[in-house]
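S.K.: Mind looking at a prediction? Sequence and model below.
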Amino acid sequence: IHPCKDSVLQKGNTKEKHMETKPQTHKFQENYRKLRFKVLSLALPPVQQMNYRTVIKEKFCIIWDKSSLLGESATLNRGITEKDQKLLERMFEVDIETFKMPQTVILQGAAGIGKTTLLRKAMLEWADGNLYQQFTYAFYLSGREISQVNEKSFAQLISKNWPSSEGPIEQILSEPSSLLFVIDSFDELDFSFEEPEFALCNDWTQKHPVSFLISSLLRKVMLPESFLLVTARSTVWKRLKPLLHKPHCVKLPGLSKNTRMDYIHHLLKDKTWAMDAICSIRKNERLFNMCHVCHVCQVVCTCLKEQAEKGGNIAATCQTTTALFTCYICSLFSQLDESSITLPNETLVRSLCQAAAEGIWTMKHMLYKKNLRKHELTRDDISVFLDVKVLQKDTEYENCYAFTHLHIQEFFAALFYLLRENPEKKDYPTKCFENLHLLLESNRFHDPHLEQMKCFLFGLLNKDRVRQLEETFKFTISMDIKGELLMCLEALEKGDSYLSEMRIMDLLHCLYETQDKEFITQALSYFPKIVVKIDEETQLLIYSFCLKHCYSLQTIKLTAMAELKMLDLNPIAKICFEDALAQIIHYWKDLFSVLHKNESLREMDLYESRLNKSLMNILNEELSHPRFGSVCFLNNCQDFSFLTTCHTLTHLDLKDVDLEDNGLRSLCQALKSQRCKLRVLRLESCDVNVFRCLKLSEALYRNRSLVFLNLSTNNLSNDGVKSLCKILGNPNCHLERLSLASCGITKAVCEVLSLAITRSKRLTHLCLTDNFLGDEGIELLTDALKHPQCTLQSLVLRCCCVTSVGCKFLATALLNNRSLIHLDLGSNMLQDSGIKLLCHTLQQPTCTVQELELDKKEIYGKKIKKFMNDLSVKDC
């Protein structure tokens, strides 16, 4: 039960063990801890008479007892302990490539996930001789404790309670390669770490500000041969990383999805409504992810229990994280109605919110005495927040306070922006954390510490959330923040009209938190171009809700997967999802409704999407609406019937689509129809072989609209190209541009192709890149260039095995051609003689070529470079 194996209280006191496992009242716990501390103190010998390992064991037994959470599930504890034990053992494993142990290990994890508990367990295991025995000494440094120390030498800092039975601390530090320094809670260090490296210290006997000492240790200036184990919240990695040299990162994952479900069910107990509650939590991916921390699970379930007792709507409470935490925080303060404690006034709440916001921005989450003073808070001021458990006082260190959980701090930080004074009315500069524009520019990748606060801020724009807070705190909350946010979003769009996928994803999550349809419409009106990716059901829910209220889109790039990852529920909650399929189809309809709700929409890119037949039916229905724009790109599509109904659709890109026989048949039928208005068709890398090319050619023979066709990177071979040549010779063929790069073409088809170019009345651009034509093939093609009816303006012969011999044929043809203005001969073996010949031709008055493309490596001779520099008439 207790982690200290040598504790005198473990010897047969079964009554006390029974007491430890039962939930206790706050008063009983406090008295119990005081009594236990006295017993331990009386039972232990003086520090000077113990060795260092014994000191560590007894110290952490007492600390563990003070901070332990009583009444937790025994099964849950045992499962976590087994997993964490393996995690500890792997941290300093020898690397199989370098054959060295990592010198700096970072243990990352969310707030409250158990990083400190794990480190204390590691210290006890080391003291017991079960772990990290490669280290002679392990020193534990608490971020909270050392933040309150002003100036010391490093030797003094780590030698507190150093037993006299051990050797001098100076002697221990002289062998750093056998030392492990454990820095617990980097995020609680109240240091800026802005010291330049030349100002750091390597002498552990000299006195310095503690911030210099810790910075010197982390940066390997002091005791560089020693080993470091540092815990930090995942959100502070940006602040920690610049201080470290080749860190090895280990993530503490918390509760798995299945364990979370079991734990939530265990906490709710009442099975008559627990199913609905679990289902509601699971639908909100952000809320469910928060529950990988035990304490957050408890907060969520406590809130839902109260809602159930009041007859509240549990589904609505779980719809957004802001809704749930608003309910929870309001319930904490509602307890004051039955007590003599007075509610905090607006000024006091604003001061706390300001402290919370600055802490979130600076990634410092402890409120030390100087922090309280800075925000004009006294001990008496914060007593009400301690009473309702918004804040908690540290049990080990004086003048040290923290929010009961990071999400509580993030909520109050978001509330600050609603309560702050109008920035325009201030007579002093705005602080960084007050800048809304900077907050909106942040994203979850670069600024993960701001993500949840930003979501809460948008969630607090909801009038129901504001009304709850006003009824709780008994003062009015201004909603001027709405206008400020819209102005910032408009400015954000002007700086980046095509928002990145990361930034638009953050914005849509935030807008969903508002549940305010009018605000969403207004906010999205500033962004005519949007990129979104959907591969989970929760994303589909959020994006479809937001985009169905968007009416000013011009371009949308959407990567969507029809086979979404269904919520992996265990059997206890399967009943919640009997109507899941119908609900998902409804979300898809909402999402695709952007096609007819946006009159200005011109482009929808579904590249890399996987749409099944039912979703294609929905898409076809939307595409047939006359409001849809002129450009559309699809991928993995086998049904093209929409081409005959969507009269404004002119561009279709099917790059990398594996066109099956059914898909090709559907495409060909659409191309044959007079109702098909397609002008641009891209079939690059679509597995179009000779047989399929024949079928496509038959369809194109009857088509009257297509002007651009790209069949590059398909194995058409010579026979496939011959069938296309018949189309080019058709007087009704409107093709102007044809790309046949990497299609397996050889010189054998060049004569037929040359004849087709001659007969075509409209072909202006031809790309034959990466085909083995050789000089003989080039000679045959130049027959077309010499013909007076040739209409080609651009000819791309890049990587076609052309030599100086082929250049002679081209030079002769160019003197007689009257249409060609662009010629690409890059990646060929032209040599100096071939390039000279072409350059001479360019200088002739009868040559119409304006652009000649060559690779830089082909112009390697000094004479050639000089010769080409002398060409002033042509653009080479």
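M.R.: Perfect, I can see it now. Numbering: from 1, shown residues only.

S.K.: Got the phi and psi for the nearest residue to residue 267 once chain neighbours are set aside?
M.R.: Once flanking residues are discounted, residue 267 sits nearest to residue 301: 4.0 Å by Cβ to Cβ, 6 or more residues apart in numbering. Where C-beta positions appear, they are placed from N, C-alpha and C, glycine not excepted. Main-chain torsions, residue 301, degrees, to the nearest 10: phi -70, psi -40.

S.K.: and residue 260, how many neighbours?
M.R.: Neighbour count for residue 260, taken as other Cβ atoms under 10 Å: 23.

S.K.: Check the one 5 residues further on too.
M.R.: Residues lying near residue 265 (other Cβ under 10 Å) number 18.

S.K.: Also residue 167?
M.R.: 10.

S.K.: just checking, the residue nearest to residue 267 touches residue 264?
M.R.: Yes - the pair residue 301 / residue 264 is scored as a contact, 6.1 Å apart, by Cβ atoms under 8 Å.

S.K.: Touching both of the two, which residues are there?
M.R.: Here residue 301 and residue 264 share the contacting residues residue 277, scored by Cβ atoms under 8 Å, 6 or more residues apart in numbering.

S.K.: hmm, back to that, identify the residues contacting the residue nearest to residue 267.
M.R.: By Cβ under 8 Å, 6+ apart, the residues touching residue 301 are 264, 267-268, 277.

S.K.: Need the max-distance pair from the residues you listed.
M.R.: By the measure Cβ to Cβ, 267 and 277 form the most distant pair in these, at 9.9 Å.

S.K.: Spell out the residue ranges of the helices in the stretch 351-500 of the chain.
M.R.: Using DSSP state H, counting those that start in this stretch, the helices found in the stretch 351-500 of the chain span residues 369-374, 379-387, 406-419, 436-441, 448-459, 463-473, 481-495.

S.K.: of all those, which lies closest to residue 152?
M.R.: With Cβ to Cβ, the closest approach to residue 152 among the helices of the stretch 351-500 of the chain belongs to helix 369-374: 18.6 Å.

S.K.: Go through the closest one and flag the buried ones.
M.R.: Residues of helix 369-374 classed as buried by neighbour count (16 or more other Cβ atoms under 10 Å): 371-372.

S.K.: before we move on, back to that, with mean pLDDT as new columns, can the helices of the stretch 351-500 of the chain be given to me in CSV?
M.R.: What follows is those, written out as CSV (pLDDT from 0 to 100):
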stretch, mean pLDDT
helix 369-374, 90
helix 379-387, 91
helix 406-419, 96
helix 436-441, 91
helix 448-459, 96
helix 463-473, 96
helix 481-495, 87
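
S.K.: For these, give me JSON lines that also has distance to residue 729.
M.R.: Shown next, in JSON lines, are the helices of the stretch 351-500 of the chain (distance: least, Cβ to Cβ, whole Å):
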{"stretch": "helix 369-374", "distance to residue 729": "82"}
{"stretch": "helix 379-387", "distance to residue 729": "85"}
{"stretch": "helix 406-419", "distance to residue 729": "69"}
{"stretch": "helix 436-441", "distance to residue 729": "57"}
{"stretch": "helix 448-459", "distance to residue 729": "61"}
{"stretch": "helix 463-473", "distance to residue 729": "69"}
{"stretch": "helix 481-495", "distance to residue 729": "50"}
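
S.K.: so which of those comes closest to residue 256?
M.R.: Residue 256 lies closest to helix 406-419 among these, at 20.3 Å (Cβ to Cβ).

S.K.: Now the closest one - C-alpha only, PDB.
M.R.: What follows is helix 406-419, C-alpha atoms only, in PDB (Å, rounded to 0.1, in the frame of the first residue of the first chain):
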ATOM      1  CA  LEU A 406      -4.200  23.500 -15.400                       C
ATOM      2  CA  HIS A 407      -7.600  23.600 -17.100                       C
ATOM      3  CA  ILE A 408      -9.100  25.600 -14.300                       C
ATOM      4  CA  GLN A 409      -6.200  28.100 -14.800                       C
ATOM      5  CA  GLU A 410      -6.900  28.100 -18.600                       C
ATOM      6  CA  PHE A 411     -10.600  28.900 -18.000                       C
ATOM      7  CA  PHE A 412      -9.900  31.800 -15.800                       C
ATOM      8  CA  ALA A 413      -7.200  33.000 -18.200                       C
ATOM      9  CA  ALA A 414      -9.800  33.000 -21.000                       C
ATOM     10  CA  LEU A 415     -12.200  34.900 -18.800                       C
ATOM     11  CA  PHE A 416      -9.600  37.600 -18.400                       C
ATOM     12  CA  TYR A 417     -10.200  38.800 -21.900                       C
ATOM     13  CA  LEU A 418     -13.900  39.400 -21.200                       C
ATOM     14  CA  LEU A 419     -13.200  41.200 -17.900                       C
END
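
S.K.: Brilliant, that's me finished.
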